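Participant: Sequence plus predicted model, see below.
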Amino acid sequence: MRRWLVSDAVVANDGSTLSWSNPKHRGYAYPEAAGLLLSTLSTTPDISAESRVVADRVAGWLCRSIGTDGGVGRDGITYLFDSSVALAGLLRYRAAGGREGGDEAIHHLGTFV
């Protein structure tokens with residue numbers, strides 16, 4: 001999974017991370033995968049400048065994806081597991097010096113979890 005996250009994961013221009021890599025079916029924006037990617041990038045020693053830019057985009061997208069109830073999910077349904085993985089990724093990202101995404105959004109997600 002780590003290899004997929006750091007080399008094959010598809011991150012769109014808006015920072016969304018797709019659920020899988022398949023040229024015939026691109027998958028869907030998946031907050032859990034975004035959280036996993038953030039955790040991975042944030043704990044990678046000697047992260048490249050390019051990966052930092054990706055992490056910033058992903059963190060921004062995750063924070064914008066937090067619903068009014070405080071969770072993340074898909075098709076209007078929020079999921080505790082996905083929200084927990086997203087929160088862990090955002091917290092690791094912030095601990096590693098990431099600045100995207102607001103404290104209020106992260107607090108809202110944490111309250112949901």
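Facilitator: That came through fine. Small disclaimer: the values here were computed from a predicted structure and weren't measured.

Participant: I'd like the distance from the residue nearest the centre of the chain to residue 86, if you could.
Facilitator: For the chain, residue 34 is the residue whose C-alpha lies nearest the centre (CA atoms, centre = their mean; 2.7 Å). As judged by CB to CB, to the nearest Å, residue 34 and residue 86 stand 7 Å apart. The way it works is simple: take the backbone N, C-alpha and C, and place the C-beta from them, glycine included.

Participant: which residues are common contacts for the two?
Facilitator: Applying CB atoms under 8 Å, 6 or more residues apart in numbering, one finds that residue 34 and residue 86 are jointly contacted by 62, 65.

Participant: show me what contacts the residue found closest to the residue nearest to the centre of the chain once you drop the neighbours it is linked to in the chain?
Facilitator: Once flanking residues are discounted, residue 34 sits nearest to residue 17: 4.0 Å by CB to CB, 6 or more residues apart in numbering. Listed by CB under 8 Å, 6+ apart, the contact set of residue 17 reads 9-11, 29-30, 33-34, 37, 58, 61.
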